[in-house]
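> Predicted model, plus sequence, below.
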Amino acid sequence: MCDASDYAIGAVLGQRLDKHIYPNYYASKMLNDAQGNYTTTEKELLAAVYAFDKFRSYLLLSKTIVLPIIPRAFSLPKEIREASSYTVDSSAFRGMTTQQKKKFFRDVNQYVWDDLFLFKIGGDRILRRCVTREEGLDILKHYHEGLIGGHHGAHATDQKVFDCGFYWPTVVKGAMEFVRCVMRAKEQWVEAQALATNDAWVVVKFLKKLFTHFGTLRAIISDRGTHFFNTVMEKALARYGVTQRTSTTYHPQTNGQVENSNRGVKIILEKTVGVSHMDWSEKLDDALWAL
């Protein structure tokens, strides 16, 4: 954040954590005689340039978007509103009531056209660039599973979109549908590996491979087999902050979807392996792909 006055400019470097912004660095500078004669807009831009120069080492290799804060008293000039009304064909208002026309022009005042881009003035008085639904889908994918994504929920994902200065009318609904589709695909994803033994060390090594690809889990559900329920497994999961949940003696099949997946892999292998059944490990990847 940066701001300017008639005598000085200042900037604050903050970090967002748990939906709150915590300041990490403060910087300010007095204006000289020449800079004091700048217009208000030039002073604000000078503060932004000063902030980028001062915090350059922290902003390298990161995407940075400058979002101007619009005062609450801001509104489009009367000449622009009148000119914009003439750019719309009169046939567009044919059949509209007086209330619908008023609502139309009231909604128009929430947007600003700047050269090639259309911006929406949000409730926090920040300009956000309007994009199409197709572009919005790519943006959601980037902020959900990209390099800066964290596979967060729908609310955190659409909040990231707003914080980075993008807007389209269905951004909240689009985030919910996108995250729902991703979760449905993840829930049906099957990972399997052919192992020579099923001791605790082999299972822990396999789980570490999963954590590398998909991230750590909140909880893992398993039966009470000795290769899952042991001290080595308990220490490994505690190191990664994963809760282990085991089945009961009366109902060892804790997850019906896992049982169905195992049954499907078994059926595919029975139809594809040779007579000796010695090549089942080589056919495992093909069975997972077919599943």
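That came through, no problem. Numbers count the residues shown, from 1 in each chain.
> residue ranges for the strands of the stretch 51-200 of the chain, please.
111-114, 117-121, 127-130, 166-167 (DSSP state E, counting those that start in this stretch).
> which of the residues in the third one are buried?
In other words, strand 127-130. Neighbour-count burial for strand 127-130 flags L127, R128, R129, C130 (criterion: 16 or more other Cβ atoms under 10 Å). Placement of C-beta: from N, CA and C, glycine included.
> out of the strands of the stretch 51-200 of the chain, deepest packed?
Comparing the strands of the stretch 51-200 of the chain by mean neighbour count (mean count of other Cβ atoms under 10 Å), strand 166-167 comes out on top with a mean of 20.
> looking at the strands of the stretch 51-200 of the chain, which is closest to L207?
strand 166-167 (36.9 Å; Cβ to Cβ).
> now F211, nearest residue through space, not along the chain?
Spatial nearest neighbour of F211, chain neighbours left out: Y240 (6.4 Å); criterion: Cβ to Cβ, 6 or more residues apart in numbering.
> Would you check that my belief about the one you found contacting A219 is correct?
No: using Cβ atoms under 8 Å, Y240 makes no contact with A219, being 11.4 Å away.
> Of the two, give the one with the bigger neighbour count.
Shown here are Y240 and A219; by other Cβ atoms under 10 Å, Y240 has more neighbours (13 against 9).
> Distance of that one relative to K209?
13 Å (Cβ to Cβ, to the nearest Å).
> just D33 next, same as before
For D33, the distance to K209 - Cβ to Cβ - is 65 Å.
> Looking at those two, which is more packed in?
K209 (12 against 6).
> Surely that one is in a helix?
Yes: per DSSP: H, G, I helix; E, B strand; the rest coil, K209 lies within a helix segment.
> Apart from its neighbours in sequence, what residue is nearest it?
Q193 (7.8 Å).
> what's next to stretch 275-291, contact-wise?
V190, E191, A192, Q193, A194, S261, G264, V265, I268, L269, T272, V273 (Cβ atoms under 8 Å, 6 or more residues apart in numbering).
> try 10 Å
Contact partners of stretch 275-291, identified using Cβ atoms under 10 Å, 6 or more residues apart in numbering, comprise 188-196, 260-261, 264-274.
> Which among those residues count as buried?
S261, V265, I268, L269, V273.
> residue contacts, the fourth one?
Put plainly, it is L269. So, once contact is read as Cβ under 10 Å, 6+ apart, L269 ends up touching H277, D279, W280, S281, K283, L284, D286, A287.
> ok, of those residues, which one's closest to F214?
Once Cβ to Cβ is applied, the member of these that ends up nearest F214 is L284, at 19.1 Å.
> quick one: that closest one from F229, how far?
25 Å.
> So if I had to pick from the two, which one is more boxed in?
Applying other Cβ under 10 Å to L284 and F229 shows that L284 carries more neighbours, namely 18 against 15.
> how far away is that one from V190?
11 Å.
> and for the two, which residues touch both?
V265.
> residue ranges with poor pLDDT in the chain?
Confidence mapping of the chain against pLDDT under 70 gives the ranges 61-63, 65, 67-93, 115, 147-151, 182-189, 249-257, 291.
> Got the domain ranges for it?
By the assignment in automatic domain parsing, the chain contains the domains 2-59, 78-179, 200-290.
> Indicate which one of those domains is closest to V66.
Per Cβ to Cβ, nearest to V66 of the domains of the chain: domain 2-59, 5.9 Å.
> need the domains of the chain in TSV with distance to V66, can you?
Shown next, in TSV, are the domains of the chain (distance: least, Cβ to Cβ, whole Å):
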stretch	distance to V66
domain 2-59	6
domain 78-179	9
domain 200-290	32
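> so how many other residues sit close to Y50?
Y50: 18 neighbours (other Cβ under 10 Å).
> Show the contacting residues for it.
By Cβ under 10 Å, 6+ apart, the contact set of Y50 is C2, A4, I9, G10, A11, A27, S28, K29.
> Which among these count as buried?
C2, A4, I9, G10, A11, A27.
> Look at the fifth one and tell me its secondary structure.
Read it as A11. strand.
> same question, the last one
Three-state call for A27 (three-state DSSP): strand.
> In this structure it contacts F52, no?
No: using Cβ atoms under 10 Å, A27 is not in contact with F52, being 11.1 Å away.
> shared neighbours of those two, anything?
C2, A11.
> residue ranges for the helices of the stretch 51-200 of the chain, please.
Using DSSP state H, counting those that start in this stretch, the helices of the stretch 51-200 of the chain run over residues 56-59, 78-87, 98-108, 133-145, 154-163, 171-187, 200-214.
> Can you show me the CA trace of the first one as PDB?
What follows is helix 56-59, C-alpha atoms only, in PDB (Å, rounded to 0.1, in the frame of the first residue of the first chain):
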ATOM      1  CA  ARG A  56      12.200  -4.500  -5.200                       C
ATOM      2  CA  SER A  57      14.000  -7.400  -3.600                       C
ATOM      3  CA  TYR A  58      10.700  -8.600  -2.100                       C
ATOM      4  CA  LEU A  59       8.700  -8.300  -5.300                       C
END
